[in-house]
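S.K.: here is my input; please provide its structure:
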Amino acid sequence: MFTEMRLSSKAIRFEILAREYSSLNSGRTLMKATWNGAVLAESEDTVVVENNHYFPPSSINNEYFSTSSHTSHCPWKGAASYYSIEVDGKRNENAAWYYAEPLEAAAEIRDRVAFWKGVEVAE
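M.R.: The predicted model follows:
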C-alpha cells in the first residue's frame, strides 16, 4: 500500500508539472523551426511544454527527417523517439524528438515534434 501511495503522489506531481509547464500557442503565432537555412516545420498550432514548441506532424517537412534509433525517457511525458535532420549534406543527429505514446499527463503532445541541437524555433 505504501508503494502505491508513493506512485500515486508521484503521478499527481508529474501531472501538476505537466499543466504548469505546458500551454497552447494561444496567440496562434506562426512558429518556424529552421536549421542550416531550411524550414523544417511551420505552424500556428504548436503546443509549448517546458519552453519547447511541439509542432503537429502535418507541419513537418519530411524531406529533411530520418528516423533515429536514439530514445530517451521523461518521468512525466514517457518514452521519446528521435529524428536526425539532414539539409544540404549537413547532418544534425537526434535534433528532433516526439512522443508516440506519451503518458497521460503529456497526451496533448502525442506525435508532435520538438527541436534542439541548434535548430532555431522563432516567429
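S.K.: do a quick rundown of the helices in the chain.
M.R.: In chain order, the chain shows helices spanning 2-21, with DSSP state H as the criterion.
S.K.: poorly predicted segments of it, please.
M.R.: Within the chain, the ranges that satisfy pLDDT under 70 run 1-27.
S.K.: roughly how far does the residue nearest to Trp35 when sequence neighbours are not counted sit from His53?
M.R.: In space, Trp35 comes closest to Val119 once its chain neighbours are excluded; the distance is 4.5 Å by C-beta to C-beta, 6 or more residues apart in numbering. (C-beta placed from N, C-alpha, C; glycine too.) With the distance defined as C-beta to C-beta, to the nearest Å, Val119 ends up 10 Å from His53.
S.K.: from what I can see the residue nearest to Trp35 touches Ile85, true?
M.R.: Yes - under the criterion of C-beta atoms under 8 Å, Val119 makes contact with Ile85 at 7.2 Å.
S.K.: who touches both of the two?
M.R.: Trp35, Leu40, Asn92, Ala95, Ala96 (C-beta atoms under 8 Å, 6 or more residues apart in numbering).
S.K.: could you check how far Arg91 is from Asn36?
M.R.: 10 Å.
S.K.: which one's more surrounded, these two?
M.R.: More neighbours surround Asn36 than the other of Arg91 and Asn36, with 16 against 11 (other C-beta atoms under 10 Å).
S.K.: about what we covered before: most neighbours among the shared contacts of Val119 and Ile85, which one?
M.R.: By neighbour count, taken as other C-beta under 10 Å, the most surrounded of the shared contacts of Val119 and Ile85 turns out to be Leu40 (28 neighbours).
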